[in-house]
Structures are given as C-alpha cells and as structure tokens.
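Participant: Structural data only, the sequence is not supplied:
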DNA sequence: GTCTATAGAAAGATAGAC
DNA sequence: GTCTATCTTTCTATAGAC
C-alpha cells in the first residue's frame, strides 16, 4: 500500500488525538474531518460508520500503549528496575490515559467490540506486570494482586492529575507506592 | 420549602443517576425528563440550561461522596482502622466512581465551575486521608504522598473494574496496597 | 410552576457526480 | 477514492398558554 492509503491514516491519527482529548462519544465525524483535512467522502469511504472509525483508532491506540509498556516491562533489567521504569515513567498525566479514560466513555462502554479492546488492554497490562513480579519471586496470587495495585495507582494518578490539573499528583501517587515496594525489600 | 420543591428534587436525583451511568455530556435533557417523570416546562423553569442542572446535580453528588468518606475517616477508631475502612469499603466498582469518571467528561472538563467541583472533591479527599496519616505519625510530606497513593489506588480500581467488568479487580487493587501498608507496620 | 408546540443548530449518514 | 449536496434525527432551548 503506497502513498494512497494516506487519507485513511490521517483520519486514524486525527481520531486518536481527538479521542485522547474528548473521548469517542463526544468526537464527531466533522471534528475528525477538520483535524485531518480529509474530505467527507473519504471518511465515509474508509469508515462507513462512526463505530468503524472508533474500532480502528482505539485498536491502534491500545497497541501503541501496550508497546510502550512492553518496552519497559520486558527489557533485560532486573525485575525491580523494570517495575520502577513502568511506574515512574514520565507521563503527560494531566492529559489522562488514552485507554483508561475510555472506561467512562458512553459509546465505548455500550459497544461490545470497543469495550473488549479496552478490557484486553488492561488484562494484558496486568499480566505483563504480574509476570515480572513472579520472576521476582512472588507467588502467582500475590503477584496478580500486586500487579493490579500497580496498574491501578497509575490509572488513579491520571484521574487525580486531571481533576487537579497538577502533574505532580501523579508523581506523588506512583512514588508513594514505589516507596512502599522498596521498603519491603530492605 | 414544603412538598412543592419536589419536581426540582426529582430532577436532581434523576440527573445524578444518569451522570453516574453515562456522564454529564452524554445525558440529554430528555433523558432526565424521562427518568424523573417531570415535564419539560418544569425542567427549564428550575434549571434554565443544561449546565445549571449539571452544577446542582454534580455538587450534590460531590457532597454525598465526601460525606461517606468522612464517616469512615473521621470516626473515633484508630488511624489504621480508619484508613482500612476507607480503602476496603465495599464499592459498586463496576459502576465506577461518580466523581472520578467526570474527569473524562468533556462537558465537565470544559466548564470551569464543574471542573472546580471535581477538583475540590479530590483535594478535600486527599486532605482527609492525609490528616489521618499525620495523626498516625507520618511527616506532612510523607503523609501527603501516601494519601495521594491511597486515593489513586481506589480510583484506579474503579477504572480497572469497569474495564474488565469484574468487581474483584477493585478488591485486588486495594488489598494489594493495604497489605503493603500493614507489612510496613510490623 | 407546569404544559404543549416548535425553533435553530448540530449530529450521523446517504446520494450521486466525477 | 474523493467531492458537494442533502436527508433525517436528535439536541438544547424558547414561546406562550394555562
């Protein structure tokens, strides 16, 4: 596929950005057209319905975010370092989590295929963290519980950073947990 | 104010319930009318714009949620027990946090007065938890960091429970944190 | 304070030419 | 594959009677 798939790609990139800003339900086809500078005919040619566009764009975002997490969690550093890398990553916290925010999106939650993309993201992410913790010697049960706590503190950090408009709140949230994890190891 | 303020109250209750289900932006005046069984004329008499209704209903929800948290965090139990009561409270996790979900609501985030209600909720909540932790002997800085972590894990628990449709994910998230807090005290 | 009717704008999508 | 024009429905709000 040469340069001609360009419009489709521009539409997806625009949709992803808009979903990150206002969510899927609140993003209109017109918004996507304006941001992508693509014509209306092209939009409905590539994506017959709003839902088709959402499925493609959200699927892409999920893959991208999962890729970032994998880079941190599957490296060859120690288990402890990899958890630290994930937890303490520099995030645009006030912007919110591109995937996590979709759990409050009425369109995503009402369409099964969209909901499943979000569910898959978090089950995969928790499993990734869980595997690292088992490597570090935790039992499967404790590893799963702790992995859930780790992913939750990041998601909650996003919520609090957005609510307060303050990126430091995310830093406090993840550092507070990291400190507890480190203490335990001493 | 006798029984005549009834319509206004029914509108608020209906709006609060709908906001919890789909958010503010996605809730139409018609939705509120249908659920409250109040007439259209009454709605616009009591709340001239959608935003007026949102301000009143969100303000009420914030007060209610804060009241619940205060009941747990300001009791006469030990600091440790009060933190446990807040953290391990039985929540309808799959339904999500009525306030936290608003951080992804485009209408709430774009209207300053609505945003401020959400911000106030979380700053108050973190401060409440922070005070309990200081009572327990933590320095102001460590108390604030840890309070942020505690509130974040709860908010993240909601996000993960909604994403997966599984209430046990919330339980894992908060128990994982509680276990770390208890370990430290031994 | 509540009712019915309706306005004006934006939403999501389709039609048919090129 | 892309364009312009248009259709239908829904949204938020207003008008004016009771």
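Facilitator: Looks like it arrived, so ask away. Just so it is clear, the model here is predicted, and its values are computed rather than measured.
Participant: where's residue A:125 relative to residue A:67, distance?
Facilitator: For residue A:125, the distance to residue A:67 equals 11 Å [CB to CB, to the nearest Å]. Heads up, the C-betas are built off the backbone N, CA and C, glycines and all.
Participant: For those two, indicate the residue with more neighbours.
Facilitator: residue A:125 (25 against 9; other CB atoms under 10 Å in any protein chain shown).
Participant: what does chain A have sitting close to DNA strand D?
Facilitator: Within reach of DNA strand D by CB under 7 Å from any atom of the strand, chain A has these residues: A:4-8, A:38-42, A:44-46.
Participant: redo that, cut-off 10 Å
Facilitator: A:1, A:3-11, A:30, A:33, A:36-46 (CB under 10 Å from any atom of the strand).
Participant: filter those down to the ones near DNA strand C?
Facilitator: Of those, the ones that also sit near DNA strand C (CB under 10 Å from any atom of the strand) are A:30, A:33, A:39, A:40, A:41, A:42, A:43, A:44, A:45.
Participant: okay, these in a markdown table with secondary structure, neighbour count and pLDDT next?
Facilitator: Listed next are these as a markdown table, based on DSSP: H, G, I helix; E, B strand; the rest coil; neighbours: other CB atoms under 10 Å in any protein chain shown; pLDDT from 0 to 100:
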| residue | secondary structure | neighbour count | pLDDT |
| --- | --- | --- | --- |
| A:30 | helix | 10 | 98 |
| A:33 | helix | 16 | 98 |
| A:39 | coil | 11 | 96 |
| A:40 | helix | 10 | 96 |
| A:41 | helix | 9 | 95 |
| A:42 | helix | 16 | 97 |
| A:43 | helix | 22 | 98 |
| A:44 | helix | 13 | 98 |
| A:45 | helix | 12 | 97 |
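Participant: count of neighbours near residue A:54?
Facilitator: There are 24 residues near residue A:54, going by other CB under 10 Å.
Participant: For stretch A:62-71, which residues meet the burial criterion?
Facilitator: A:62, A:65, A:66, A:69 (16 or more other CB atoms under 10 Å in any protein chain shown).
Participant: Among the residues you listed, pick out the one closest to DNA strand C, please.
Facilitator: residue A:62 (21.0 Å; CB to the nearest atom of the strand).
Participant: List the contacts of the closest one.
Facilitator: A:99, A:117, A:118, A:120, A:121 (CB atoms under 8 Å, 6 or more residues apart in numbering or on different chains).
Participant: cool, and residue A:145?
Facilitator: B:172, B:175, B:176, B:179.
Participant: Neighbours of the second one, how many?
Facilitator: Think residue B:175. By the measure other CB under 10 Å, the count of residues near residue B:175 is 19.
Participant: Repeat that for the last one.
Facilitator: Using other CB under 10 Å, residue B:179 has 16 neighbouring residues.
Participant: Quick check: phi and psi at the residue positioned nearest the centre of chain A.
Facilitator: The centroid of chain A falls nearest to residue A:99 when counting by CA atoms, centre = their mean (3.7 Å). Here is the backbone geometry of residue A:99 (degrees, to the nearest 10): phi -90, psi -50.
Participant: Touching, it and residue A:61? I think so.
Facilitator: Yes. With contacts counted by CB atoms under 8 Å, residue A:99 reaches residue A:61, the gap being 6.5 Å.
Participant: Pull out the buried positions in stretch A:48-55.
Facilitator: Neighbour counts over stretch A:48-55 (16+ other CB under 10 Å) mark A:50, A:53, A:54, A:55 as buried.
Participant: typo on my end, stretch A:81-93
Facilitator: Buried residues in stretch A:81-93 (16+ other CB under 10 Å): A:82, A:83, A:84, A:86, A:87, A:91, A:93.
Participant: can you tell me which of these are in helices?
Facilitator: A:82, A:83, A:84, A:86, A:87 (DSSP state H).
Participant: How are the helices of chain A distributed by residue range?
Facilitator: Counting by DSSP H, the segments of chain A that form helices are A:6-22, A:29-36, A:40-46, A:50-73, A:79-87, A:106-110, A:112-135, A:140-164, A:167-185.
Participant: Pretty sure residue A:103 is one of the things residue A:114 touches, is it not?
Facilitator: No. Using CB under 8 Å, residue A:114 is not in contact with residue A:103; the gap is 10.9 Å.
Participant: Neighbour count for these two, which is higher?
Facilitator: More neighbours surround residue A:103 than the other of residue A:114 and residue A:103, with 25 against 20 (other CB under 10 Å).
Participant: Point out the residues in chain A that sit beside DNA strand C.
Facilitator: Counting by CB under 10 Å from any atom of the strand, chain A comes close to DNA strand C at A:24-34, A:39-45, A:47-54, A:107.
Participant: in chain A, what spans have low per-residue confidence?
Facilitator: Scanning chain A for pLDDT under 70 picks out the ranges A:1-5, A:186.
Participant: what about 50?
Facilitator: In the predicted model of chain A, residues A:1-3 satisfy pLDDT under 50.
Participant: ok, back up a step: turn the ones next to DNA strand C among the residues of chain A next to DNA strand D into JSON lines, columns for distance to residue A:149.
Facilitator: Converted to JSON lines, those look like this (distance: CB to CB, whole Å):
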{"residue": "A:30", "distance to residue A:149": "41"}
{"residue": "A:33", "distance to residue A:149": "42"}
{"residue": "A:39", "distance to residue A:149": "48"}
{"residue": "A:40", "distance to residue A:149": "46"}
{"residue": "A:41", "distance to residue A:149": "49"}
{"residue": "A:42", "distance to residue A:149": "45"}
{"residue": "A:43", "distance to residue A:149": "42"}
{"residue": "A:44", "distance to residue A:149": "44"}
{"residue": "A:45", "distance to residue A:149": "46"}
